[in-house]
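Visitor: Coordinates for the following, if possible.
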Amino acid sequence: MIAIKNEKELQSMRQACKITAAARALAGEMVRPGVTTKQIDEAVYDYIVSQGAKPSFLNYNGFPASTCISVNNTVIHGIPGGYVLKEGDIVSVDVGAYYQGFHGDCAATFACGAISAEAQKLIDVTKQSFFEGIRFATRGHRVSDISHAIQTYVESNGFSVVRAFVGHGVGAQLHEEPEVPNYGAPGRGPRLVPGMTLAIEPMVNTGTYDVRILKDGWTTVTADGKLSAHYENTVLITDGEPEILTVTEGL
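Guide: Modelled structure (predicted):
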């Protein structure tokens, strides 16, 4: 069943999302050569806890960190550790915070120093595909109208959208109904109504959309070893334009 949030619940959710978005911004500011992914994760943990919240991802189904940090050909669910970022890397950071009974969820891909033109295009297209999708995140549209817009934009730019993983509802649970794929024909899935909150998250590859999961059971990489990027916000369906709950300036 799809949870429709009332105004009191949305007040808590907006605060959770504000903390989540600030944590993403903090992580992005730390992406530079010489920094380890574990250092970023620890800083995000400290920030979220300082705000009276809890990291949504920590121990979620056994995940061992507060952030998913996915570098270069890692699509999602990268486990922070001793990897030292280097010039030219692209670094996807996915973060969630749980506050007053509700989760926020957002992600972005950041450049580590100077990156290739292809990598920059990938980051830009991935982010813009989200905005192409939420043009349809309005009352009366269906979930797959968002999906179709994302896929169309991504593929028109020569990239592919990951199909093995999708966006989702978010609220009292980190993952709620409905699923929000980043591909598919329009006019399918649940009809959007005010009070729905969705984590819309294009995952975009420069090569094939196929992925594989490494032996740790989490780290998901592109099947062909090519680059991947990720962009996500928590979005509220309203009576008018969609409200991005995890918005921060520049992200």
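Visitor: isn't there a strand covering V93?
Guide: Yes: following the definition DSSP: H, G, I helix; E, B strand; the rest coil, V93 is counted among the residues of a strand.
Visitor: show me what contacts it?
Guide: Contacts were defined as C-beta atoms under 8 Å, 6 or more residues apart in numbering; by that measure V93 touches 24, 27-28, 31, 40, 67-70, 107-110. C-beta coordinates here come from the backbone N, C-alpha and C atoms, glycine included.
Visitor: First-to-last residue distance for stretch 199-213?
Guide: For stretch 199-213, the separation between the terminal residues is 22 Å (C-alpha to C-alpha, to the nearest Å).
Visitor: can you pull the buried residues of that stretch?
Guide: Within stretch 199-213, the residues that count as buried by 16 or more other C-beta atoms under 10 Å are 199-206, 209, 211.
Visitor: Identify the bridge partners of A111.
Guide: Bridge pairing for A111 (DSSP bridges) gives the partners I90.
Visitor: Quick check: pLDDT value at it.
Guide: What the model reports for A111 is a pLDDT of 98.
Visitor: List the contacts of it.
Guide: With contacts taken as C-beta under 8 Å, 6+ apart, A111 has the following neighbours: 31, 90-91, 119-120, 123.
Visitor: how far away is it from D89?
Guide: In this structure, A111 and D89 are 8 Å apart, going by C-beta to C-beta, to the nearest Å.
Visitor: If you rank the contacts of A111 by neighbours, which is first?
Guide: Counting neighbours by other C-beta atoms under 10 Å, V91 leads the contacts of A111 with 27 neighbours.
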